[in-house]
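>>> Build the 3D model from these lines:
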Amino acid sequence: MSHSPRIAALVGAVAVTMPLLAAAPAHAAPAAPVASVAAPAPQVEITATKSISIKTQEQQTNYWCAPAAGRALLSRLITKGLPNQKQLAKWMGTKSPSGTSAAGLRNGLRKALQTYGSGSYDVVPLSPGSQAAFYNSIKSAVGTKKVAVIFRVYVGYKPWGGHYNDKEGHFMVVRGYTTGSKPKILWWDPADNTYHTAPLASSWTSVKKAGHWEIVAAKR
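Okay, here's the model as predicted:
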């Protein structure tokens, strides 16, 4: 039996619209929010400077670096009647043109301490074998005992400035240091009565080149 034209038209319309309804896209789910990550705070290194005051005086002859350096060291231990360079040179056996030996420097300082009433201190010779030992000896003397330290370097190889070929010995004083990842050493030079700051590494190199001489005063 054949369908009427009206029913055939309705059946065709349903056949056309059904695929269109099936193909309609579903609604997309909302995207999840992205969490923000804060940048880490920069690390700030905390450093400090440890130093002591000393009474300084330019060396009075070109070979009296030891008497001048010794006088600066003694200024931490003697409050009255500090000996002059001429007296210290006599006690140290300082001679022209060779200057002062390490033993003469120690003997002269001991004589000054005994004469001027600070005999509770003795003069201690040290010979640091590494940069760490050099730095630790300065921290112990300056930071803990509050005394200065004398080191021998070469005239042509001081821890700062340009270097040249002069291996004449020269005594200078360390009066402080800085802490942190890049420590520095605070020097006083009796040659021209000047203060200097130099990196630990170059300070140690200068001392090592001149034979590791170190003089410090310590309680008996």
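>>> can we go C-alpha only for contacts and neighbour counts from here?
Noted.
>>> max-length strand in the chain?
When the chain is parsed with DSSP state E, its longest strand is strand 169-178.
>>> right, and the helix or strand after it?
strand 184-189 (DSSP states H and E).
>>> For the helix or strand just after that next one, which helices and strands make contact with it?
For strand 184-189, the following helix or strand on the C-terminal side (DSSP H and E) is strand 194-199. Strand 194-199 is packed against strand 184-189, with contacts defined by 3 or more Cα pairs under 8 Å, 6 or more residues apart in numbering; DSSP states H and E.
>>> who touches the strand it packs on?
For strand 184-189, contacts defined as Cα atoms under 8 Å, 6 or more residues apart in numbering pick out 51, 172-178, 194-200, 203.
>>> same question, stretch 41-52
Counting by Cα under 8 Å, 6+ apart, residues outside stretch 41-52 touching it are V142, G143, K146, V147, A148, R175, G176, Y177, T178, T179, G180, L186.
>>> Can I get the buried ones among the residues you listed as something I can paste into PyMOL?
In PyMOL, this line selects whichever of those come out buried by 16 or more other Cα atoms under 10 Å:
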select buried, resi 142+143+146+147+148+175+176+177+178+186
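>>> Going by distance to S96, which of the contacts of stretch 41-52 wins?
A148 (26.1 Å; Cα to Cα).
>>> Please point out which parts of stretch 120-138 sit buried.
Y121, D122, V123, S127, P128, Q131, F134, Y135, S137, I138.
>>> Can you tell me, leaving aside adjacent residues, what's nearest to the residue nearest the centre of the chain?
Central residue of the chain (Cα atoms, centre = their mean): P183, 0.9 Å from the mean position. Closest residue to P183 apart from its sequence neighbours, by Cα to Cα, 6 or more residues apart in numbering: L200 at 5.6 Å.
>>> The one you found: neighbouring residues, count only.
20 (other Cα atoms under 10 Å).
>>> cool, G161 as well?
9.
>>> same thing with A68?
For A68, using other Cα under 10 Å, the count is 30.
>>> and if you look at the one 3 residues further on?
R71 is surrounded by 24 other residues when neighbours are defined as other Cα under 10 Å.
>>> pLDDT score for it?
pLDDT for R71: 97.
>>> ok, now the one 10 residues further on?
As summarised for this prediction, G81 has a pLDDT of 85.
>>> Let me know the helix or strand that it is in.
Going by DSSP H and E, G81 is not part of any helix or strand.
>>> just the helices in this protein please.
5-22, 65-74, 85-92, 102-115, 131-138, 200-209 (DSSP state H).
>>> circling back: now the two most distant members of the buried residues of stretch 120-138.
Taking Cα to Cα, no two of the buried residues of stretch 120-138 sit farther apart than Y121 and Q131, at 26.1 Å.
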